[in-house]
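Engineer: the following comprises the amino acid sequence and a computationally predicted model.
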Amino acid sequence: MSQLLRRLAVACAWLGALVAMLCAMMVVWSVVARALWSKPVPGDVEITQMLIAVAISLGLPWCQWRRANIIVDFFTKHLRPALSRRLDAAGCLLLAVMGLLLAWRSGAGALAVQAAGETSMVLALPMWWAYAALVPGLSLASLIALQQAWDDLLLAPLAGDGR
């Protein structure tokens, strides 16, 4: 299971990087076109907002896999390793719950926005796809956090580590 989650996280990271690069190319083109011909890409700001949100959500699983989220360990760096692992597991569980709630609400929001027929202001792009595109990354990051919490709890024996 762990290797499947890793492969999915890597695939999401590559896809997120591709989305971010395409967005960056569009922004560069828009800036150049605005400077040279006074013709920027129509709707460049709304496209950028949607694509970067998607790119970030697709990067979250790899970030979680690498445990690269910001950790404030000022108070915990001197604790026993077993206790530290239990706290890490609790943090992973909290992140998993938050991610699942965000994925659920993003999915529900996508359905509501689709039903309302909401579109972007400049290009009249349907807004639901941007909400829906957040769900896979958030869900996978949550699954990875759950796996890590489980692993941390298995590594943290109840008797402690002898200190």
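Structural biologist: It's in.
Engineer: where does pLDDT dip in the protein?
Structural biologist: 156-163 (pLDDT under 70).
Engineer: packing partners of the helix or strand hosting residue 16?
Structural biologist: Taking DSSP states H and E as the definition, one finds residue 16 inside helix 2-37. If contacts are counted by 3 or more C-beta pairs under 8 Å, 6 or more residues apart in numbering; DSSP states H and E, helix 2-37 sits against helix 44-65, helix 128-155. C-beta here means a position set from N, CA and C on the backbone, and glycine is covered the same way.
Engineer: same list, those helices, but as CSV with mean neighbour count and distance to residue 114 please.
Structural biologist: Putting the helices and strands packed on helix 2-37 into CSV (neighbours: other C-beta atoms under 10 Å; distance: least, C-beta to C-beta, whole Å) gives the following:
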stretch, mean neighbour count, distance to residue 114
helix 44-65, 20, 15
helix 128-155, 20, 4
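Engineer: could these go into TSV alongside distance to residue 117?
Structural biologist: Formatted as TSV, the helices and strands packed on helix 2-37 follow (distance: least, C-beta to C-beta, whole Å):
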stretch	distance to residue 117
helix 44-65	16
helix 128-155	9
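Engineer: what is the neighbour count of residue 20?
Structural biologist: 17 (other C-beta atoms under 10 Å).
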